[in-house]
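Student: Any chance you can model this:
(chains A, B and C)
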Amino acid sequence: MSDEHGLHLLRQMLRIRRFEERCVELYSRSAIRGFLHLAIGEEACAVGVTEALAPDDAVVATYREHGHALARGISMREIMAELEGKLEGSSKGRGGSMHIFDAVARFYGGNAIVGGGIPLAVGLALADHLQGRRRITACFFGDGAVAEGEFHESMNLAALWHLPVLFCCENNLYAMGTALERAQSETDLSLKAASYRVPSWNVDGMDVVAVEEAARRAGEVVRDGGGPHFLELRTYRFRAHSMYDPDRYRDKAEIERWKERDPIPALTADLGAAGILAEGDLDRLEKEVEAEVDDAVAFADAGTDEDVSDLERYVMSEPRPGAT
Amino acid sequence: MGDFTMPSLGADMEEGTVNQWLVKPGDEVHRGDIVAVVETEKSTIEIEVFENGVVDELVVEEGETVPVGTVIARLTSETTAATVHSPVLRHLAEQLHVDLSSVTGSGVGGTVTRADVERAGAARVEGAPPGTRPVPQRRGQRHRKAAERATGRTRSSPYARRLASQLGIDVAAVQGSGPGGSVVEADVRRAAAEPAGTGGPMAASVEAAGEVAASSQVGDKQAAMRQAVGALMARSKREIPHYYLSTTIDVAAAVTWLERANLERPVTSRLVLPALLVKATARAVAKVPEMNGFFVDDEFRPSAAVHVGVAISLRSGGVIAPAIHDVDTLALDDLMRALRDLVVRARSGVLRSSEMSDPTITVTNLGELGVESVFGVIYPPQVALVGFGQVGDRVVARDGMVGVRPCLTATLSADHRASDGHRGGRFLAEIDRLLQEPETL
Amino acid sequence: MSAATTPTTAITYREAMREAIREALVRDERVFLMGEDVGRYGGCYAVSLGLLEEFGPERIRDTPLSESAFVGAGIGAALGGMRPIVEIMTVNFSMLALDQIVNNAAALLYMSGGQFNVPLVIRMTTGAGRQVAAQHSHSLEAWYAHVPGLRVLSPATIDDARRMLWPSVCDPDPVIIFEHGQLYNARGELTEDPVTDITSAAIRRRGEDVTIVAFGGTLGPALEASEQLAAQGIEAEVIDLRSLRPLDSETFLASVGRTHRAVVVDEGWRTGSVSAEVAARITEEAFYDLDAPVTRVCSAEVPMPYAKHLEEAALPQPDKVVAAVRQLGG
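Tutor: The predicted structure follows:
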C-alpha cells in the first residue's frame, strides 16, 4: 500500500465520521428530520469496498448510506443539502437521508426497504451482462436483509445467470434491535451465500485495508466473468439504529468492546507505526475534514426550498430532447 | 282483558321510568298506538300497545321507575267491533280524506275493505269542488311525496336543476319520473314543452299520451291513453279541414322486387312491404312538399327534414305514431331495422321524446288487419296522413289486356289549409310511381 | 408504418400480443423478455410461443419462481440501459413483487430527484371467468392504478393488444399492461390505423342516452349490454378506458356531458376500485351534467368462487349492465 493511499483511506473514513457526527448535531437542532441512520463504526466497509471499484461500476446501498455516498465521491455539499431537504440536494430534497442517488457516480440509492435493493443490483448486472460491458455492481445490505426472501431470490438468480454482482453484507449483528442469533437459524451468513454456489468470504469489517483487499480480489473475479461473489463484512455500529432508538437491546459493555476496534484509530496507529502519518498530519487532516463539513453545512443552510408548485415534478419523466 | 307492562327495549334494559302518559283511563287504544314515553338509561323512547282496547287504569304514575315486566296499565276489551284497520287502509283513507270510522264495512265480519274506502272516497269527491278530486297517483309520484316528506324538498338530478334554471322552469312544480321519483331531464323538458295557456304545439299532448303509455301503471294506462288519443283526435277533427283522396296502386313490381331482394338477406333482416310504402311516402314529399310539415300559428310551415310517423297500435289499446327520422335519406335496410326497432320499443314503452314530438307526416298501414282502405285523422300539427290497406289480387285492365295483379288502396287525409286536392292527387300519383320502381327506393 | 398493419386475416389477442413483443425485440436490441416459463414452455398463456427459437435464451429469459427478484432485476436492467419486458404470469403473483413495483419502479425517479427513470414494461394476466377460484382470479388493476409513477394499461381489443406495447417500451417510465385472460382467444382483424397512444380512452360505441365506462375484460360485456339496450330503444355510449393511469377523464366526462347518465363496469371489487375513481371524478367534475346517480356494476365482494354458476353470479354480466342502465330510467 502506498503512503498516499493509506492517507486517502484515513481521510475518507474521517470524512464520513465527522460528517455523521455533524448530522447528529443538525438533527438535534431540527435542521435534519425524518429517519437518520448513522454508520459510525462501520466506515471501513463503505470505504474499503468503494476503493476497489472502477469509476463506471455501480453501487446499490441501503438507508444507512451516507458513508457509501461520500466514499463514492458524491459531493458532501449535495448530500448535506439533501439531508436538509434543499433543492440543491442530490435528490432535490425529495429523498432525504435514506435516498441518496447520483447518476454520475452510478449510485443507485439509498434503498430503505430492507433487501429491496438487492434485485436492483442483479438487474444492473444483467444489463451489463447483456450489453457485454466489463462492469460490476456492488450491492450493500445488512444482516437483516439476509432474512428477506429478496436476498435469497436474488442470490439464486445472480448465481444462476452468472451475473457480475459483488454482494457486500455489512453484518453489524443487529437487524434494528434484533440480534443475529435471535433472527437466524444459521448465523454464519457466508454459508447462506455458499448454498447458492456463490463464493463467499468472511472479512473483518473493522479493518479498512482488509476490506479493500477482499473487495479488490473478489471484484476482479466478478469482473472477469467469475459470477457473483459474497463478502460478509463483520462490523458494528457504535450508535443506535436511528435517532429514535433508545438502544435498549444491547449491552453497553459490548459497544465498548467494539469501540476498541474502531477502524479510524486502528488505521491511524498503523499508519503512524509505518511512518506514513507524521506528527501533526492527523491534526491537519482533521482540520481539512472539518472545513469540508463546515462548508457542506453552510452550503446546505444557504440552500433553497424547492418551489411547492414543483411538488409533482419527477413523478413521471419529463420530455427530454432526443429521448426514446 | 290485558295487562300492559314495562317493555324490554333491549337485552340490557332492566328498568324504565314512565316519563309521560299519552292516554288516560277511558281512552280507546289500538295496536301500534303510542301510549307513553319511557326513559331508560340509554334514551327516551315512545312505547306502543300491542292490542286494541280501552284504557282501564294507569297503574304506574308519571315519574315512577319500575322493572321490566311490571304492569303499568290495564286495558279492557270494551271497544267497538271492526275498527281495526290495516296500515294500508288507514293510508288510503288519509289520502282520500275519508273518515274510516264513518265507513260501513262490507268485508267478512263487517270489516272495512279497500273497496269500501274507495267507494267512500268517490262519494266524497262528487260533492267536492272541481280540481280537488284525488287522482290515483303514479308510483313515482308516491315515492317522491315520501321523499319530500322526509327531506322537505323536491328530489331532482343536478342536470335537471341546471336545465330547469336555464329554461326558467320551477323544478319543485315538475312531476318526477326518475329513480325514486326524482325529477330528471325528461321531466323538465316535458314541463318546458307543455303549452303555457293556449296555442302550444299539440305534439306535446301526443307525447304525453306516449309517456302515459310508456310508463304508467296498467290500470290507469288504458283509460289515460284512450283519453289522450281521444282529445287529440277530437281537436284534429275540430280544427283541421280534412280532405280525402284514394287511389289503387299496383304493387306487383314492388312485391317481386322484395322477393328477389330478400333472397340475399337472412331471415332476421328481410324487407317487408310496409318499409317500401313508408319510403315511397317519404320520397314523394320531395315532389309535393305541402304534405310535409306543421300547421302552427295559422300558417303552414313546411319541413326540410322528413320524419315519418308510423302509427303503431299498442297491445294495451290506443295508438301512437312515433317518428323514424330522415326517412327520405335512410337506406332501406336501415329503415327496416328502424321500423322493427320502433315497433318493439313502442310496445315495450321505451320511446324517446324526440320520436314522439317531431313526425312531419304520418303513415298508417292497416292492411295486415284486412282493411281495404283507411281514411285517417291527421295528427296535429301535421298536415297529412297516408293510409295503406290490404294487398290483394285484383283484376286489372292494362293496355287493353285484363290481368290479375296484387294491388292495394292508398289514401290521403290532408289539411286543406296547407294543400288542396290537386296537390294531394299529385302526391298519391308520385307514391304510385315510386312503387313501380322499387329498386330506386 | 410497421409490419403489423399488413395482415388482413383475423388474428387472436394472443397472437397480437406476440406480434407486439416480436416487433419490440426486432426494433430495439435493448429489449428482452423475462418471466416464468416464457421461453421453453412458450408462456403460460402461450403468448411468447416460438420467441425463444427466434431470439434465443438471452433475450427470452426463463426465470425461477422469484417474482420479487426478477421484477426487481427488470427494474435494475432498465436502470442499466436495457428495455426489459417482464411477464408476471398473473396479477395474483404480482403481489409477491409488489415491493419492487411500488417501492422501486414507481418511486425511483421521484426519490432520485429526476435522475433515474425506469423504462420497464411489466405484462400480466388479470381477471376471472375460467373457474380458477380465489387465488387465480384477481382483478387488482386498481391497486396499481393507485400508485403515482406508474402507467397502467388495459388493452381490451386486438388492436390495442397489438399496438400498445411498442409505445410502452418507448416510454421512459414503468408501464404495467394488464391482459385479461378471457381475451387471449378473442379473434378479430387489425384495423389499418397504426396510431396508438397509451394515454387516452376510446369511444367504442356511440350513443346518446347513457355512458357505459368499461375497460379490459368488461368491455365485451359492456358492448353486449349496449346491443341489448339498443333493442330496447336505449343508445349507450361505450367508453373503453384503455389507460387506467393516467386516467383519461376528459373522454368520459365529455360523454357524460352528452348523455347525463353513467354506468361504470369493473371486474374489480367495488370498494376502492377503478370504478370508484371514475364515479368520483364524474361527481367531482360533471355533477351538474348528471341526470341520475352514477351507477356501478362490479364483481361481488367475495373471493372468487370455483363453481361455474357462482363465478358467473359474482362477475359483471351484460344483463347486470342492462339492468343498471334501465334502473337509471330515462
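Student: The stretch 151-300 of chain C against chain B: which residues are in contact?
Tutor: By C-beta under 8 Å from any C-beta of the partner chain, the residues of the stretch 151-300 of chain C that approach chain B are C:209, C:230-234, C:260, C:287-293. Any C-beta I mention is one placed from the backbone N, CA and C, and that applies to glycine too.
Student: Burial check on the residue in chain C positioned nearest to chain B, number of neighbours?
Tutor: Nearest to chain B, among the residues of chain C, is residue C:233, at 3.6 Å (C-beta to the nearest C-beta). Using other C-beta atoms under 10 Å in any protein chain shown, residue C:233 is surrounded by 20 other residues.
Student: which of the residues of the stretch 151-300 of chain C next to chain B count as buried?
Tutor: C:209, C:230, C:233-234, C:260, C:289-293 (16 or more other C-beta atoms under 10 Å in any protein chain shown).
Student: Identify each buried residue in stretch A:138-156, please.
Tutor: A:138-148, A:150-156.
Student: mind listing which of these are in helices?
Tutor: A:150-156 (DSSP state H).
Student: Output these in CSV; the columns should cover distance to residue B:179.
Tutor: Formatted as CSV, the entries for those read as follows, by distance: C-beta to C-beta, whole Å:
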residue, distance to residue B:179
A:150, 51
A:151, 56
A:152, 56
A:153, 53
A:154, 56
A:155, 60
A:156, 58
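Student: Tabulate the residues you listed (CSV), appending pLDDT and distance to residue A:241.
Tutor: Formatted as CSV, those follow (pLDDT from 0 to 100; distance: C-beta to C-beta, whole Å):
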residue, pLDDT, distance to residue A:241
A:150, 97, 20
A:151, 97, 19
A:152, 98, 24
A:153, 98, 25
A:154, 98, 24
A:155, 98, 25
A:156, 98, 29
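Student: Which ones, among those, also lie beside chain C?
Tutor: Answer for those near chain C (C-beta under 8 Å from any C-beta): A:150, A:153-154, A:156.
Student: Can you tell me which of those is nearest chain C?
Tutor: residue A:153 (3.4 Å).
Student: give me every residue that touches the residue nearest the centre of chain A.
Tutor: With distances taken as C-alpha atoms, centre = their mean, the residue of chain A nearest its centroid is residue A:68 (3.2 Å). Each residue near residue A:68 by C-beta atoms under 8 Å, 6 or more residues apart in numbering or on different chains is listed here: A:46, A:50, A:59, A:61, A:107, A:140.
Student: In three-state terms, how would it be classified?
Tutor: helix (DSSP: H, G, I helix; E, B strand; the rest coil).
Student: what's the pLDDT at it?
Tutor: What the model reports for residue A:68 is a pLDDT of 98.
Student: for the one 3 residues further on, same thing?
Tutor: At residue A:71, the pLDDT value in this model is 98.
Student: Any figure for the gap between it and residue A:270?
Tutor: Per C-beta to C-beta, to the nearest Å, residue A:71 is found 19 Å from residue A:270.
Student: Sheet partners, orientation included, of the helix or strand bottoming out on mean pLDDT in chain C?
Tutor: Lowest by mean pLDDT, DSSP states H and E among the helices and strands of chain C is strand C:187-188, with a mean of 94. Applying DSSP bridges to the sheet, strand C:187-188 is found paired with strand C:11-12 (antiparallel).
Student: residues of the helix or strand following the partner strand that come out buried?
Tutor: Using DSSP states H and E, the helix or strand that follows strand C:11-12 towards the C-terminus is helix C:13-27. The neighbour-count check on helix C:13-27 (16+ other C-beta under 10 Å) flags C:13-25 as buried.
Student: Outside of helix C:13-27 itself, list whatever touches it.
Tutor: C:2-4, C:11, C:31-33, C:45-51, C:54-55, C:59, C:83, C:85, C:123, C:158-159, C:161-166, C:169, C:179, C:183-187, C:190.
Student: which residues does the spatially closest residue to residue A:73 that is not a sequence neighbour contact?
Tutor: Excluding the flanking residues, the one nearest residue A:73 by C-beta to C-beta, 6 or more residues apart in numbering or on different chains is residue A:105, at 5.6 Å. Applying C-beta under 8 Å, 6+ apart to residue A:105 gives the contacts A:59, A:69, A:72-74.
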